[in-house]
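Asker: okay, here's the prediction I keep looking at, along with the sequence it came from:
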Protein chains: 2
Amino acid sequence: MDTEMGRRPIGVFDSGVGGLTVLKELIRQLPNERYVYFGDMARTPYGTKSKQTVTRFSKQIASFLQSQGVKAIVIACNTASAVALEDIERDFDLPVIGVVKPGAKTAADTTNSGHIGLIGTEACISSGIYESYLQTYRPDVRLTGRACPLFVSLVEEGCIEDPVTTEIARRYLSAFKDTDIDTIIMGCTHFPMIEDTIQRVAGENVRLVNPAYETAKETKILLKENDLLNTEDIPLDEEAYRFYVSDAPERFRRIADLFLPLSISGAKQIHIEDY
Amino acid sequence: MDTEMGRRPIGVFDSGVGGLTVLKELIRQLPNERYVYFGDMARTPYGTKSKQTVTRFSKQIASFLQSQGVKAIVIACNTASAVALEDIERDFDLPVIGVVKPGAKTAADTTNSGHIGLIGTEACISSGIYESYLQTYRPDVRLTGRACPLFVSLVEEGCIEDPVTTEIARRYLSAFKDTDIDTIIMGCTHFPMIEDTIQRVAGENVRLVNPAYETAKETKILLKENDLLNTEDIPLDEEAYRFYVSDAPERFRRIADLFLPLSISGAKQIHIEDY
């Protein structure tokens, strides 16, 4: 193994705090790795914005992460994975992993009925990207999508176990009632925070897929293939996990506390438009 | 009157669609004016972002509006008015009107008890700007603020007359229950869209202040003072009302239909970071 390369951090980015659910899973499955996380708090959310704008933002972030010497990039944002993955793969000479492909693969492996539900942001649903990945794994699979934009605000407001969140979940998931959907992809990194509510409303016969888990698994495989896995123990100091944001860090820190059992007191603000 | 100057449009901007409630009131009170509206859809919302970031965004927009030859700027966004008005007044040689000052003035004139409630975004409440304006009008007035971030998402999702919106309003406004607050400032341009719900929950003895109305009144006075009022009839063609956005216009057009009884089919996308 190339030790110098292996010691480099993995770059992880999201439109804001949601990607921390993916980082958490990465740290769990790849505890010997260093991480640089970027949250685009100045321009969050991405889920209501166009493909062209989200791609432009994502490429600036990939440039920034490259400038930080990362050995691979994990796009921990469904919207950015859905619309910008191919552009980043083409323009950057680094292994790139998005959350969509692993989520689609697990869903295809999970469903018995062949009918899958997808909940996510407007941009992610309308991109059609989950359909196209699902097609490559199982051409017979059908997908029914439902945009759930209010879930993001509710999670960020801390309405985790809350009758309002349950009522909104009932409305959103009514699109899947009386169908043969047996698997629902949580196509937004915020949604695992309200997984219990979604599961309760969807019913116990429906299996929820959290792409973060499969993404971490695929990241491990990709690093191994590229001889980039770090096998040495790392000291868990401030250098191990570095956090950057595009806005003042206070709000990021505050909401991050909901998502991550880690202190992120050292989040630094950078000027992302310069990348 | 300087006719050439008078014919120039008024620049109006907001972080997104909310400022359309102000534009609507401007058109009603100043029907002989041309308007250029900018909605920062690529970076919306502002209400959860820092003073420094919102000021930077607002100055780019003021530059853009100046490049469009506007004769005055109306900041139709409470957050931007709260944090960026002084910087724009200092850096641009144009009359500038924000929504905060007129709203504060009306509230000070309205309250009998001397205790005012303020609902708005996190950034607007924590800026303390309403307090400082209120102090100049009536030093004896007390203000109690409550950030209501979910209202924005609920309005944009079309939850206008909705039990969920009522329940959220009950939680937010509980901060004002059993107090002598007799006046509530709707310190966010989205909120007049759910004015009926807010009024019902607040009770009939509470007076709601919509800053858009007073802002349009003050704009008229300011234009008169600067000899900039247009008194000629204008043809209501595409040139009379021009709309610009920083993201693909589809979503703006769609939500704008909720806000404005006007066709805005001609919204154009520009690259706001270049200004």
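Answerer: Happy to help now that I have it.
Asker: so where do the strands sit in chain A?
Answerer: For chain A, applying DSSP state E gives strands covering A:10-14, A:35-39, A:72-75, A:96-98, A:115-120, A:142-147, A:183-187, A:207-209, A:241-245, A:268-269.
Asker: what ranges of chain A fall below the confidence cut-off?
Answerer: Within chain A, the segments meeting pLDDT under 70 span A:1-2.
Asker: in it, which helix has the most residues?
Answerer: Ranked by residue count under DSSP state H, the longest helix found in chain A is helix A:51-67.
Asker: in it, what's buried?
Answerer: By neighbour count with 16 or more other CB atoms under 10 Å in any protein chain shown, helix A:51-67 contains the buried residues A:51, A:53-66. Using the backbone N, CA and C atoms, a C-beta is placed for each residue, glycine as well.
Asker: list the contacts for whatever residue of the stretch 151-275 of chain A ends up closest to chain B?
Answerer: Proximity to chain B, evaluated over the stretch 151-275 of chain A using CB to the nearest CB, is greatest for residue A:248 at 3.5 Å. Under the criterion of CB atoms under 8 Å, 6 or more residues apart in numbering or on different chains, the neighbours of residue A:248 are A:269, B:49, B:50, B:51, B:52, B:53.
Asker: which one of those is nearest to residue A:157?
Answerer: Of all the contacts of residue A:248, residue B:49 has the smallest distance to residue A:157: 16.1 Å, by CB to CB.
Asker: list the contacts of that closest one.
Answerer: Residue B:49 makes contact with A:41, A:42, A:247, A:248, A:251, B:79, B:123 under the criterion CB under 8 Å, 6+ apart.
Asker: what is the most widely separated pair among those residues?
Answerer: Comparing the members of these, the greatest separation, given CB to CB, is between A:41 and B:79, at 14.7 Å.
Asker: counting neighbours, what do you get for the nearest residue to residue A:243 once chain neighbours are set aside?
Answerer: In space, residue A:243 comes closest to residue A:267 once its chain neighbours are excluded; the distance is 4.0 Å by CB to CB, 6 or more residues apart in numbering or on different chains. One way to gauge burial is a neighbour count; for residue A:267, by other CB atoms under 10 Å in any protein chain shown, it gives 19.
Asker: and residue A:267, how close does it get to residue B:228?
Answerer: Summarising the geometry, the distance separating residue A:267 from residue B:228, computed by CB to CB, to the nearest Å, is 46 Å.
Asker: tell me the residue furthest from the middle of chain A?
Answerer: Using CA atoms, centre = their mean, the residue of chain A lying farthest from its centre is residue A:178. It sits 29.3 Å away.
Asker: for it, what are phi and psi?
Answerer: Main-chain dihedrals, residue A:178, degrees, to the nearest 10: phi 60, psi 40.
Asker: swap in residue A:44?
Answerer: Geometry field for residue A:44 lists phi and psi as phi -60, psi 150, criterion degrees, to the nearest 10.
Asker: separation between it and residue A:271?
Answerer: Distance of residue A:44 to residue A:271, given as CB to CB: 16 Å.
Asker: those two: who's more crowded?
Answerer: When neighbours are counted by other CB under 10 Å, residue A:44 comes out ahead of the other of residue A:44 and residue A:271, with 28 against 10.
Asker: if you drop the residues flanking it in sequence, what lies closest to that one?
Answerer: Skipping the residues right next to it in sequence, residue A:44 comes nearest to residue A:16 by CB to CB, 6+ apart, at 3.7 Å.
Asker: thought the one you found was touching residue A:252?
Answerer: Yes. Assessed by CB atoms under 8 Å, residue A:16 is found in contact with residue A:252 at 7.4 Å.
Asker: overlap in contacts, the two.
Answerer: The overlap between the contact sets of residue A:16 and residue A:252 (CB under 8 Å, 6+ apart) consists of A:39, A:41.
Asker: the two - which one has more neighbours?
Answerer: In this view residue A:16 and residue A:252 are compared by other CB under 10 Å, and residue A:16 has more residues nearby, 27 against 24.
Asker: if I pick the more buried one, what's in contact with it?
Answerer: A:39, A:40, A:41, A:44, A:45, A:252, A:255.
Asker: please repeat the previous calculation with a cut-off of 6 Å.
Answerer: Applying CB atoms under 6 Å, 6 or more residues apart in numbering or on different chains, one finds that residue A:16 lies in contact with A:39, A:41, A:44.
Asker: equivalent analysis for residue A:73, please.
Answerer: Shown in contact with residue A:73 (CB under 6 Å, 6+ apart): A:11, A:62, A:65, A:94, A:96.
Asker: return the member of the residues you listed nearest to chain B.
Answerer: Sorting these by distance to chain B puts residue A:62 at the head of the list, at 17.3 Å, by CB to the nearest CB.
Asker: is the closest one in contact with residue A:88, as I believe?
Answerer: Yes. In this structure residue A:62 lies within contact range of residue A:88 using CB atoms under 6 Å: 4.9 Å.
Asker: quick check: residues of chain A near chain B?
Answerer: By CB under 6 Å from any CB of the partner chain, the part of chain A that sits against chain B consists of A:42-43, A:49-50, A:53, A:150, A:153, A:157, A:164, A:167, A:247-248, A:273.
Asker: residue A:143 versus the residue most central in space within chain A, what's the distance?
Answerer: Residue closest to the mean C-alpha point of chain A, counted by CA atoms, centre = their mean, is residue A:76 at 3.1 Å. Remark: distance between residue A:76 and residue A:143 (CB to CB) = 22 Å.
Asker: next one: stretch A:5-21 to chain centre, how far?
Answerer: The offset between the C-alpha centroid of stretch A:5-21 and the centroid of the whole chain comes to 10 Å, using CA atoms, centre = their mean, to the nearest Å.
Asker: buried residues, it. List them.
Answerer: Burial within stretch A:5-21, assessed by neighbour count using 16+ other CB under 10 Å, is assigned to A:6-21.
Asker: put the alpha carbons of it into PDB.
Answerer: As requested, the backbone C-alpha atoms of stretch A:5-21 are provided in PDB (Å, rounded to 0.1, in the frame of the first residue of the first chain):
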ATOM      1  CA  MET A   5      -1.600   8.300  -0.200                       C
ATOM      2  CA  GLY A   6      -3.400   6.100   2.300                       C
ATOM      3  CA  ARG A   7      -2.900   8.700   5.100                       C
ATOM      4  CA  ARG A   8      -4.700  11.300   3.100                       C
ATOM      5  CA  PRO A   9      -8.200  12.200   4.200                       C
ATOM      6  CA  ILE A  10     -11.400  11.300   2.500                       C
ATOM      7  CA  GLY A  11     -13.400  14.400   1.300                       C
ATOM      8  CA  VAL A  12     -17.100  14.300   2.100                       C
ATOM      9  CA  PHE A  13     -19.500  17.000   1.100                       C
ATOM     10  CA  ASP A  14     -23.100  18.000   1.400                       C
ATOM     11  CA  SER A  15     -25.300  21.100   0.900                       C
ATOM     12  CA  GLY A  16     -25.300  21.400   4.700                       C
ATOM     13  CA  VAL A  17     -25.700  19.200   7.700                       C
ATOM     14  CA  GLY A  18     -27.500  16.200   6.200                       C
ATOM     15  CA  GLY A  19     -24.300  14.500   5.000                       C
ATOM     16  CA  LEU A  20     -23.200  14.100   8.600                       C
ATOM     17  CA  THR A  21     -25.400  11.000   8.700                       C
END
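Asker: just to revisit the earlier point, pipe the strands of chain A into a markdown table and attach distance to residue A:201 per row.
Answerer: Listed next are the strands of chain A as a markdown table, based on distance: least, CB to CB, whole Å:
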| stretch | distance to residue A:201 |
| --- | --- |
| strand A:10-14 | 25 |
| strand A:35-39 | 29 |
| strand A:72-75 | 28 |
| strand A:96-98 | 27 |
| strand A:115-120 | 11 |
| strand A:142-147 | 12 |
| strand A:183-187 | 10 |
| strand A:207-209 | 11 |
| strand A:241-245 | 33 |
| strand A:268-269 | 38 |
